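**Q** Fold the following.
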Amino acid sequence: MLAGSIERPGGRLHYEVSGRNHAPTLVLLHPLGASLGVWDPQMPQFERFFRVLRFDARGHGKSTLSAGAEATCTLGDLAGDAIEILDALHIERAHWCGLSLGGAVALHAAIHSPARVQRLVLANTAAYFPPPSMWDERRTVALGQGLAPLIEAVPQRWFTEPFRTAQPERVEAVLELMRRTQPEGYAAACTALRDADLRSDLTGVRAATLVIAGAQDAATPLERAEELCEHISGADLLVLDAAHLSSVEQAEDFTRAVIDFLRD
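**A** Sure, this is the predicted structure:
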């Protein structure tokens, strides 16, 4: 495994590369508040077929925000971070797979930097994330009280009750990732989601696309996934029996579906 970092306006981005050096590159983008470790369930299989690039978003995981940096950013900023890492590694084109916030970032890249996106996996995500007031409230809590009050609500929102009961250690592992997130990094990503609206641009996606949804996902309901498929030409839809974090709750089915799609 290769680990490294690059400097970007406002902070430093941490990335990790693993898997097969001469295989197609797969970029993995994590959800709000988590870090690259959220993809650990997929890594043993993904590394068999791809050169896997994971990185921590601004102020998440081992990526840091500079002192005094503004707690704001856009989807374009976050997609630009990914492209800067690809440039640093001399990777012209890659498959992109993102979940929730990561899915929105991948979608932005497919629309605005299509030459960099080979195939596209959009998991538990949407073209927009109403209402704006929700993101402003989360920003206020994060910057005023830290992430602890927000993390309390995550298990119920991200996982179904049967999974929480049967796999408490896997839920706890995700919460531990969130505890390492800088409040300013979380707040910055909230602004990106608050201001995101890619609905009018969906017809511009040219990459072959797989949309993955959770049948019990209240954060990004099934109708959001259906909207993506309706407007992205040729997009396929897979619905898993999961809440928001389908890559963890249905890790085996998620992993198999992504590999099959990318290697088809």
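
**Q** Let me see the confidence value for the most centrally placed residue in the chain.
**A** When C-alpha atoms, centre = their mean is applied to the chain, the residue found nearest the centroid is Gly102 (2.1 Å). Looking at Gly102, its pLDDT is 98.

**Q** Grab the nearest non-local neighbour of it.
**A** In this structure, Gly102 finds its nearest non-sequential neighbour in Leu29, 2.9 Å apart by C-beta to C-beta, 6 or more residues apart in numbering. No exception for glycine: its C-beta is placed from N, CA and C like everyone else's.

**Q** Could you report the pLDDT at that neighbour?
**A** Reported pLDDT for Leu29: 98.

**Q** sorry, back to before: now do the SS call for the residue nearest to the centre of the chain.
**A** Using DSSP: H, G, I helix; E, B strand; the rest coil, the secondary structure recorded for Gly102 is helix.

**Q** What residues does it make contact with?
**A** Leu28, Leu29, His30, Pro31, Ala57, Ala123, Thr125 (C-beta atoms under 8 Å, 6 or more residues apart in numbering).

**Q** could you redo the last one with a cut-off of 10 Å?
**A** The contact partners of Gly102, by C-beta atoms under 10 Å, 6 or more residues apart in numbering, come to 27-32, 34, 38-39, 57, 78, 82, 96, 121-125, 247.

**Q** cool, Asn124 as well?
**A** Contacts of Asn124 (C-beta under 10 Å, 6+ apart): 31, 98-103, 158, 211-214, 217, 219-221, 224-225, 240, 242-247, 254.

**Q** One more: Leu222?
**A** Residues near Leu222 by C-beta under 10 Å, 6+ apart: Ala213, Gly214, Ala215, Gln216, Leu237, Val239.

**Q** Those in strands, which ones?
**A** Ala213, Gly214, Leu237, Val239 (DSSP state E).

**Q** from those, which is closest to Ile111?
**A** The nearest member of these to Ile111, counting by C-beta to C-beta, is Leu237 at 19.0 Å.
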